[in-house]
Structures are given as structure tokens and as C-alpha cells.
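>>> Need a 3D model of the sequence below.
(chains A and B)
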Amino acid sequence: MPKWLTRTLFGLACVLLGGGIFIASTQWMHQQVHTARVVHNSRMQPIILVPGSSATQERFNSLITTLNQQTTGHSLLKITVNTDGSLTKSGKIAARDNEPYIVIAFANNHDGYNNIKKQARWFDRALTSLTATYHFNRFRAIGHSNGGLVLTLFLEKYYAKADVTVDRLMTIGTPYNLEESKSANRTQMLNDMIKARKKLPKALTVYSLAGTETYDGDGTVPLNSVETGKYIYQNQVKHYTQITVTGDNASHSDLPQNREIINYIQQYMLLTPNQDLRQGQDGDRQRRLNPETPEN
Amino acid sequence: MKNLYHAYAASRFHHVLQATFTAMLPVIIIGTWAQALLVSVFSRNSFFATVFGLAHWLPGFVQLHIGLDLLVTYTLGISGVLAAVFAANAMATANRRLAAILGGSGFLLLNTSPLTTFGQNLGLDGLLPGFLFGLLCGWWVARSRHPQRRVAGFLVVLAALRVGLNSVEKVTGPLLAAVWPSASDTHQWPFLAALGNSICGWLGLPAPVSPLSPLLANGTATANLNAVLANKAVPYLDTIGTLYRPFALLGGVGMALALIIAILIADHRPDKRRLAKTTLVPSLVGLSWPILLGYSVILEPLLLIPFILAPLAATGIAWLALHTHLMASAVYQVPATTPGPLIAWLATNGNWPALVVTLLGLAVAVLIYLPFVKRLVGGELHA
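Alright, predicted model coming up:
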């Protein structure tokens, strides 16, 4: 091959390669910026609910039905994280619903510190996938029982790296010291959580709700164990409020159905309890009012 | 001035420097190519892997990543040690082998702490320290009648020194990290960063603003990005991320890409041209060690001037274009290994003036380098 031909071919190859890289990277960048804009301008702020041990994604059905009866209602998405990190979804976030409920449950919902640590990791992975799918960058969280522990571990361990902000957390009957009734006997888990408390977001407002059937607990979780949450959150987050509820439905597993607690959720956790229905379409409205109806 | 320069060029120091870098060159070339492939193609956060999603469909992606990582570790990753070995060898007038052994072993000894057995200092960060240490070893061994005894004694002293340093570092933390200027302190002074970066690069020291470090790493960059996403005015116009990094770090510290182009234009020595061509591709992703060592840019007084001026000029042109509202500011995050000429274009999300300003800055930098390269060629011919 003559020298000029080799050179021309080489030059042509360079131009083609360079042009290809130029066009591909420009398109990729446009896509990136578009996604960044959508996420940044997203007004969606879901309420994420995490059930306790042995509970499934259906745990909050009655709570959310009640909430939606009291208000004009929000849509409900239920997610179960499988042990391999994949997600099984049911339900749907209605279009233009800025404050949907998302329940994140775990296929492996057993008790025990090691398991809770795993669940926190699964929660983080589910959240990453959800923020990418639904384009939100902030949420509020409610955890019942061990669900509160999962959320606390998430905030201490994964939150700093996640592209989301949380401004409110409510834990309901969360045993920060497991089944230990004396706060002087700290479990390994509580010690670890106290040690890592500096990593909690400073702007967070926390409500820790405890139920009492007897004078020292809700029948399952000792009141003292719930109260040890103060060693983690007090003077660490912006506000930490401890509330004790008594009366009907104050036993541990009934807490999510407790009237008082539902009122607290409505008062403290919902930003727009009354979703403006004129924004949505009729189909959305129907779905919002009846989150129980099967969709898809 | 001219005499001073000639005296330096004829000095033993200069001779040893040249001999050291020439000896290291083959390893540096292999290492640089391996690193360029590793950081720009075969890493998950790399430019080509993110743009083309390589990790998902390219077979053997992980294996290639591991293999290239090994290559880099044992080529560029030991370049500080090699500098010590070859400098000791070139410096010693007698007992050369002993000097080289002492240089290598001693430098390894000195840089192994309980925290790092294979630390940064053994690699390119240790280029200048390694070279100076090699000089010391070569000088020390050559002047002895009982070199073996001296070597043994010196190694024992070094080990003792290291143990002492360990106990000090336990209390104070790594000494170098404490005094080293961190890039985040200066991120609002892009011109100062350009100056400091060039001087460090010329000395063979690690650059405070590395071309391989991620772009969006500080508060001002985040504030800029958020402002643009919310359609507001950019709050911090003059930062390293908006002016220096996209426009004046092409090919690495000192606008090395401009130097390579200038060599290809003005230098007709075949070996230097070959070297420049070899470095051209890796320099597109910010790696130009072969030219810095093989063209002896490091510690070469004549090239210090354009090495400082070229990035300053490119930063200045970008500053001017930005403040006259000719181009958008570079705020979006791009992978660290984005090819130099594309950084501004992509970081502005496809702003044509930004691309023009990049190329203009590059052209001016080439013009700044040209007379110095010609001078260097002329000097070589006369000598």
C-alpha cells in the first residue's frame, strides 16, 4: 500500500472514531442532564413505611386505609425486597401524587441484629432503585417495631452516600434495646447505634412512639427499650420527641391501627393530607381512595 | 543567565537526571498505557465505560480491569523505587551495583509504614524523593573504601529512622498529608491552582489538582450545579472546576497535550517524535508521564516557563470568555477520565463556545510551547 493511502485511511479512522465518541458522549450527557433536572425539580416526597419482623408488605394496609378515609388519600406502592436484592412490586404510584405511600418489606423478615443489618442493606438497595425509577430525592419515613431499627441503621450507615434527604422519621414501638428492659444493660446493637450516631442527619426530626398496655411496656416491647432511643437521637438530630400512647389498640402489634398514632402520623408526617384532587384524573382519584383494589 | 543555564546542562546533576529518566522510560511507557486503558475504559466510573455501558456487555471486563491494575501497580506503582535505583546507579562512580541495591532497598524501607506497605510514595508520588534519595545513596557508596559495611550500616540507620517515624506518625498522622496543600482550600483561586499545580508537576511532585481526581468534589461545585438545575445564576464563576480543570489541564499538568503537539510540529528528532506519538493517546485522558520523563520536562529550567505560562493563558482565556458571557460555565459532572478537549463541551452540556474556547486555549498553549521546543532542539544540535 502506498504511504499516502495508509495515512489517509488512518486519518479517516481517527476522524470516524473521534466523531463517534463525540456524538455518543454528547447524547449521553444530554440524557444525564435531563435526568438530573427531573430529579432536582421533583416535588415528590413519598412516605416510606417499613414493617417490623415477621410482617409483610401488607402490614400497613389498614393504617393507610384509615388515613385515606380521613384525608382525600394517596396512592400506595408495596415492595418486598427479596434476599438477592431484587424487588417484587405491587400497587402503583398515581400520576401527580406528590406524597405516595411506599411500603418496603423484606422477604427475610426475621428478628435478630444480624438480620436487621441485612435488612438495612436491602432497604438501601431498594431505595436506590426507587429513586431512580420514580425520580424523587427526599422522603419521610415511618418504621414499626424493627422497621425503626432498619431505618436507624440505614441513616447511620448508608444515608451519607445516598442521593436523598430525609427530614422526618417516626418510629412506632421500636425496641432500640431489643427485648432488654433495663436501660443499663445495653445490647451490642444499641452500643453500635450510639457509637455511630454522629452520622445521623442533623436536620432530622424524630418522633419515637411507644405503646403501653401495662406500666412497663406494650406487651411485647419494654417501654425502657423504646426509651433508650434517646441515647441515639437526643442532642444529635434537630428534634427528638418521645410520645407514649395508652388505651385501646396500644399493644405492640395493634399500634399501627391505634387512633392516636394515626392522628400523629397525619399531623406530623403528612405534608399534604388533603391531596388536591383537581390535579389528578378520575382514575387516579379512584385508586387513591381505594389503595386495596388490585392494580395492574 | 545563559551561562548559568549551560553550566546546569553540563552539570553532573543534570546528567544523572537524564540517565535515570532514560533508564525508567520503557517501564513508564507500558505503565502509562496500561493506566490510560484502566482508568478511561476498564473501570466502572471511567468515561468510556459510563458512556457506552461497557461493564454490562463487554466480556472479560472485570478480568481486564484486574490485569491492567496489576500492570499499573508493578510499573508506575514502583516508579519511585526505580528512580532511586537508577539514580543511585548513575550517581555512583564506583560500586554501582551496590549503590543501586542500596537505593532500592533503602527507599522501600523508608516508605513502608504499618499502615501502607505498598503506598503512593513508591509510585509516581515518590519520583522526586526517590531520585534525591538515589543521588544520596550513589554519592555515599562511591566515596567508600569499605562499601559493603557502609551499605549495611546505612540500611540499619534507615530501618531505625522508619521505626522512629512510625511512632511519631502514630501520634501526629502522616506528616506529608498535614502540610500538603489540599486542593479544596484553593478551589476559588483557579489561577493560583494553575501556578501551584504547574510548579509541583515540574518538580516531579504529586499535583494538588490531579487530572485523575473526580471533578465534582466540593461545595462550590454542588452549589453551581444546583443553581443551574433550578435555572438560577451560577454563584461561583471562578473555581478550579469551572476554569482550570476543563480548560488548562489538557493532557495533564502544564497542558502537556500542547507540548506534545508542539513537539510534533517543531522537533524533528525521530526518537522524540516517536515518544510524542506514543504519549499522544494516553495524554488525551490526562496521562503524559512518558513525555514528562522522556523529554525531561521535569526539572528542566527552560521548560518551566511554558509549563507555567500555558495553563495560565488557557485559564485566562476561559476566564475572559466566561466573564464576557460568551460561554456557559462548566458545572455538570463528567467522569474524571473524559478526554481533555471534551471536558468543557460536556460539562456545559454541549455549549459550542466552550468547545471553541477549549481549542483556542490549546492553540495558544501550543504557540507558547513552540519557541521553547525550538530552542531545546537548537541547544541539542549545538552541543
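
>>> so where's the stretch 251-383 of chain B shaky on pLDDT?
Residues of the stretch 251-383 of chain B meeting the criterion pLDDT under 70: B:380-383.

>>> Go again with 90.
Across the stretch 251-383 of chain B, the ranges flagged by pLDDT under 90 are B:296, B:300-302, B:329, B:331-337, B:375-383.

>>> quick one: the helices in it?
Applying DSSP state H, counting those that start in this stretch to the stretch 251-383 of chain B gives helices spanning B:256-266, B:270-284, B:289-294, B:301-323, B:340-347, B:352-382.

>>> ok and the last one relative to helix B:270-284, angle-wise?
Looking back up the chat, that one is helix B:352-382. Here helix B:352-382 runs at an angle of 160 degrees relative to helix B:270-284 (axes from the mean of the first three to the mean of the last three Cα atoms, to 10 degrees).

>>> Throw the helices of the stretch 251-383 of chain B into CSV and include mean neighbour count, thanks.
Every residue, glycine included, has its C-beta placed from N, CA and C. As requested, these are exported to CSV (neighbours: other Cβ atoms under 10 Å in any protein chain shown):
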stretch, mean neighbour count
helix B:256-266, 24
helix B:270-284, 18
helix B:289-294, 26
helix B:301-323, 21
helix B:340-347, 25
helix B:352-382, 18
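
>>> I'd like to know which of those lies nearest to B:T112.
helix B:289-294 (23.7 Å; Cβ to Cβ).

>>> Residues of chain B that sit close to chain A?
Neighbours of chain A within chain B, by Cβ under 8 Å from any Cβ of the partner chain: B:47, B:50-52, B:225-226, B:229-230, B:332, B:334, B:338-339, B:342, B:345-346, B:349-350.

>>> Quick one: buried ones out of these?
For those, a burial check counting by 16 or more other Cβ atoms under 10 Å in any protein chain shown picks out B:47, B:50-52, B:225, B:229, B:332, B:334, B:338-339, B:342, B:345-346, B:349-350.

>>> and of the residues you listed, the nearest to B:F131?
The closest of these to B:F131 turns out to be B:P339 (Cβ to Cβ; 30.7 Å).

>>> Excluding chain neighbours, what is closest to the closest one?
Using Cβ to Cβ, 6 or more residues apart in numbering or on different chains and skipping residues adjacent in sequence, the residue nearest B:P339 is B:L284, 4.6 Å away.

>>> Check whether that neighbour really touches B:L257, as I assumed.
Yes. Using Cβ atoms under 8 Å as the test, B:L284 is close enough to B:L257 to be in contact (7.2 Å).

>>> Now list whatever residues contact both of those two.
Here B:L284 and B:L257 share the contacting residues B:G251, B:G340, scored by Cβ atoms under 8 Å, 6 or more residues apart in numbering or on different chains.

>>> related to what we said a few turns ago, of all the helices of the stretch 251-383 of chain B, which lies closest to B:S40?
With Cβ to Cβ, the closest approach to B:S40 among the helices of the stretch 251-383 of chain B belongs to helix B:270-284: 8.4 Å.

>>> Determine the set of other helices and strands touching the closest one.
Identification of packing neighbours for helix B:270-284 by 3 or more Cβ pairs under 8 Å, 6 or more residues apart in numbering or on different chains; DSSP states H and E yields helix B:12-40, helix B:256-266, helix B:289-294, helix B:340-347.

>>> Check which residues of stretch A:18-37 are buried.
By neighbour count with 16+ other Cβ under 10 Å, stretch A:18-37 contains the buried residues A:I21, A:F22, A:S25, A:T26, A:W28, A:M29, A:Q32, A:V33, A:A36.

>>> no wait, stretch B:149-156
Those would be B:R150, B:V151, B:F154, for stretch B:149-156 by 16+ other Cβ under 10 Å.

>>> Let me know how buried residue 137 is, in neighbour terms.
You didn't pick a chain, so chain A it is. For A:N137, the tally of surrounding residues (other Cβ atoms under 10 Å in any protein chain shown) stands at 15.

>>> try chain B instead
When counting by other Cβ under 10 Å, one arrives at 31 neighbours for B:C137.

>>> My reading is that it lies in a strand. Confirm?
No. Looking at B:C137 with DSSP: H, G, I helix; E, B strand; the rest coil, it is helix, so not inside a strand.

>>> how close does it get to chain A?
According to Cβ to the nearest Cβ, to the nearest Å, B:C137 stands 45 Å off from chain A.

>>> what's the answer for B:S296, then?
Separation of B:S296 from chain A (Cβ to the nearest Cβ): 29 Å.

>>> so how far is B:P206 from B:S213?
Counting by Cβ to Cβ, to the nearest Å, the separation of B:S213 from B:P206 is 11 Å.

>>> Which one's more surrounded, the two?
Set B:S213 next to B:P206 and count neighbours by other Cβ under 10 Å: B:P206 wins out with 19 against 13.

>>> Quickly find the element holding whichever residue of the stretch 51-200 of chain B sits closest to chain A.
In the stretch 51-200 of chain B, the residue that lies nearest chain A is B:V51 (4.6 Å; Cβ to the nearest Cβ). Using DSSP states H and E, B:V51 falls within helix B:47-52.

>>> And A:S90, its phi and psi?
phi -140, psi 150 (degrees, to the nearest 10).

>>> Name whatever forms a beta bridge with it.
Bridge pairing for A:S90 (DSSP bridges) gives the partners A:K78.
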